[in-house]
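Engineer: All I have is the shape, not the residue letters:
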Ligand code: KG4
Ligand code: ZN
């Protein structure tokens, strides 16, 4: 079964063709980093306009690279939640229009769930396991009893972890997306120079809070009470130490909460997904602080936003349910589990 996946929930327009849920025939991603970096973050209106411009060429490219025509597609899978509502609607309406005009069924997919499914596409994982989605839009710890059976056990109360990386990088004077820049700067930094810590949420041991950590970086860089913005005149050494201390605090927090959740649930496997899971220091920290936890890392092309994970999960849902969605399926911005 050939599934065309479409993803447009945030600032990447992506299309992919996946055969039988795991054989990736094409995986095309058009990033808006060039556009969004001018503004230091994702501007929804600009994201939507770019999706409109590039979606159809990218669908054609994904089909071309898979050496298939639309006639050979059996199912269209599309992200319909969570994300920027306007951005979601562009991919969803494209999928509906394609479905209506060709008779190919379409199915709506949850983007956060798809990040976890990416870890299952080419690896054997035994259930139950934990899933950790750490991206620019989401920070969620999820108990997975099977594909489709989830319990949300932790989420962020304010900024997503990737958003905190992006804002910390901005304070240090760097462009969006900031995660890879912080990782690079931190390699030469001394994390012990600043004692930063991510937030704890009273009564919710597995919830996250990164907004105080971001403010701590701001005050350390610009002075107590400073307004959010670029800290001028930092030396390279100060930049590196701030990046290292921030990164260590943010990543240690997700490692420690994942380990504690796994211990309390009696679970030994953790699947990771989302852009922050590309960070190499995170892997080292799991080794150091949670050596007994088996961690599953999808390859980089499946870790960052992509449509192969959407097609993979769509295939699985269609197999289970036996039918697609109807044309009144809505775009839902908030994360629901
Ligand atoms: O999964 P993704 O492509 O999109 C969302 O669903 O948000 O994740 C993008 C996020 C950005 O915030 C980016 O700064 C962060 O992932 N990121 C990283 C790294 N690479 C990307 N954060 C930390 N370290 C990295 N190496
Ligand atoms: Zn994502």
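Structural biologist: Okay, I see it. Keep in mind the model is a prediction, meaning the values are calculated, not measured. Residues are numbered from 1 along each chain as shown. Ligands and ions are numbered 1, 2, ... in the order given.

Engineer: Burial check on the closest residue to ligand 1 within the stretch 201-337 of the chain, number of neighbours?
Structural biologist: For the stretch 201-337 of the chain and ligand 1, the shortest gap (Cβ to the nearest ligand atom) falls at residue 275, measuring 2.2 Å. The C-beta positions use only the backbone N, C-alpha and C, and glycine is treated the same way. Residue 275 is flanked by 25 other residues according to other Cβ atoms under 10 Å.

Engineer: Find the closest residue to ligand 2 in the stretch 51-200 of the chain.
Structural biologist: Residue nearest to ligand 2 within the stretch 51-200 of the chain: residue 135 (4.3 Å; Cβ to the ion).

Engineer: Actually, the stretch 151-300 of the chain.
Structural biologist: For the stretch 151-300 of the chain, the residue closest to ligand 2 is residue 274, as judged by Cβ to the ion, at 5.4 Å.

Engineer: what's the spacing between that residue and residue 309?
Structural biologist: 11 Å (Cβ to Cβ, to the nearest Å).

Engineer: any shared contact partners between the two?
Structural biologist: Residues touching both residue 274 and residue 309 (Cβ atoms under 8 Å, 6 or more residues apart in numbering): residue 115.

Engineer: Tell me which of the two has more neighbours.
Structural biologist: residue 309 (35 against 27).

Engineer: what's near enough to touch the more buried one?
Structural biologist: Applying Cβ under 8 Å, 6+ apart to residue 309 gives the contacts 5, 114-115, 117-118, 121, 273, 298, 302.

Engineer: Doesn't it lie inside a helix?
Structural biologist: Yes. Counting by DSSP: H, G, I helix; E, B strand; the rest coil, residue 309 falls inside a helix.

Engineer: 49 is where my numbering starts, stick with that
Structural biologist: Okay, residue one is now 49; in that scheme the one you just asked about reads as residue 357.

Engineer: ok, it to residue 130 distance?
Structural biologist: 15 Å.

Engineer: where does the nearest residue to residue 236 once chain neighbours are set aside fall, phi/psi-wise?
Structural biologist: Of all residues beyond its chain neighbours, the one nearest residue 236 is residue 288 (4.4 Å), with distances taken as Cβ to Cβ, 6 or more residues apart in numbering. Dihedral angles of residue 288 (phi, psi; degrees, to the nearest 10) stand at phi -60, psi -40.

Engineer: what about residue 288, how many neighbours?
Structural biologist: Neighbours of residue 288 (other Cβ under 10 Å): 21.
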